[in-house]
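Novice: this one's sequence-less:
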Ligand code: PMP
């Protein structure tokens, strides 16, 4: 099988699996315990945190470990909104966020916050001047994802950070799940206050995430518990998964530039193949500067995406419809609709996402099979409503 669903999850690196097993077997003591075994586990936790801090040129005390980016996003967004409620009632995000951000804002709207969902253009990019226009003295939080998980569109974080820096009191949260290891990230340079990441998108273990909380930012904890992770994510830490995930983050970030080049080449060549097929239309990503290197989104208007995915699978290609987190509902993609691509395209989106194991062989297979799959699908197209 050729696995092209790296945005949904990635195969763990051998070293990650080895580390996970070793630490799990040896260091099972509670890292908060005062005996020697506990202290050893605590040291491993501390070292993992120091490694993460180094990789992002930040400090150890800025980082908390979570169970994944969904949890990081919830802790950050709900925590900031409730903490700074007395300063203002307005919070801002985009129409194309991952459900763990979008639905969290919906929840805060029900709690009484005024929410602005910023639109995006056909390339999936927000306008910084439009953001500037909606900001008021009441705006306490802006949350913008770095790379979109369905289309790969890249948001102008440096410019947003510059705008927000001028306005003290507006917190800047970034969901960086799809950009870690794919693009350079400058947390301090871009003025980011809160940043979420997930280990299973970069060949680490599932169920492990990071949250960066810049010093000086307070969050109201959404949990009650034992005070671990500064009380923001109380509960005994999963030391083995955290140590293994720190390794995965190191491998991803240290090889980011090389990965960008390789994936960028794969992406350009896949796009050239797609452009040969008149039935298919690319969703965003035309401007290479605002497109992540590992994601290609296209639609076959008039065709049910699950039919395409199943046909691709028969040809040993694993791809996905929309994102894994929302692929089970049969609604058109909220992201593609927000990009103004129309219902037919939004209802037939397919995502190919590259990973570290991909090179010439995998790309060749993809570009050879895609025309065959489309040819087989053609007779079905007429039966579907456009
Ligand atoms: N944000 C984005 C952009 C994502 O792609 C994902 C994973 N689909 C998440 C958040 C949630 O991450 P996790 O699976 O670690 O909860």
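Specialist: Looks like it arrived, so ask away. As the structure is a computational prediction, the values presented were derived from the model and not from experiment.
Novice: count the neighbours of residue 41 for me.
Specialist: 24 (other CB atoms under 10 Å). C-betas here are computed from N, CA, C, even on glycine.
Novice: also the one 3 residues further on?
Specialist: When counting by other CB under 10 Å, one arrives at 20 neighbours for residue 44.
Novice: where does it fall, phi/psi-wise?
Specialist: Main-chain dihedrals, residue 44, degrees, to the nearest 10: phi -60, psi -40.
Novice: quick one: it and residue 244 touch, right?
Specialist: No. Using CB atoms under 8 Å, residue 44 is not in contact with residue 244, being 10.6 Å away.
Novice: identify the contacts common to the two.
Specialist: residue 23 (CB atoms under 8 Å, 6 or more residues apart in numbering).
Novice: which positions in this protein make contact with the ligand?
Specialist: 68-70, 98, 100, 145, 149, 175, 177-178, 198, 209, 323-325 (CB under 6 Å from any ligand atom).
Novice: filter these down to the ones in helices?
Specialist: Per DSSP state H, helices hold the following members of these: 69, 70, 100.
Novice: can I get those in CSV including neighbour count?
Specialist: As requested, those are exported to CSV (neighbours: other CB atoms under 10 Å):
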residue, neighbour count
69, 27
70, 21
100, 20
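Novice: between the residues you listed, which sits nearest residue 189?
Specialist: Minimum distance to residue 189 across those is 21.8 Å, recorded for residue 69 (CB to CB).
Novice: show me which helix runs longest in this protein.
Specialist: Longest helix in the chain, counting by DSSP H: helix 360-381.
Novice: give me the helices and strands touching that one, please.
Specialist: strand 2-3, helix 256-275, helix 305-314, strand 317-318 (3 or more CB pairs under 8 Å, 6 or more residues apart in numbering; DSSP states H and E).
Novice: helices and strands around the third one, which ones?
Specialist: In terms of contact count using 3+ CB pairs under 8 Å, 6+ apart, helix 305-314 is assigned the packing partners strand 320-321, strand 349-353, helix 360-381.
Novice: so what are the domain limits for this protein?
Specialist: 2-8+256-380, 14-254 (automatic domain parsing).
Novice: in the stretch 1-150 of the chain, which spans are strands?
Specialist: 2-3, 63-66, 90-94, 114-118, 139-145 (DSSP state E, counting those that start in this stretch).
Novice: for the record, mean pLDDT for the first one?
Specialist: For strand 2-3, the mean pLDDT works out to 98.
Novice: for the second one, same thing?
Specialist: Strand 63-66 shows an average pLDDT of 98 in the prediction.
Novice: the longest one too?
Specialist: Taken as a whole, strand 139-145 has an average pLDDT of 98.
Novice: one step back: please identify the most buried of the helices and strands packed on helix 305-314.
Specialist: Across these, averaging neighbours per residue (mean count of other CB atoms under 10 Å) puts strand 349-353 on top, at a mean of 26.
Novice: who touches it?
Specialist: So strand 349-353 is contacted by 4-8, 150-151, 270, 283, 294-300, 305, 308-309, 312, 319-323, 333, 336, 366 (CB under 8 Å, 6+ apart).
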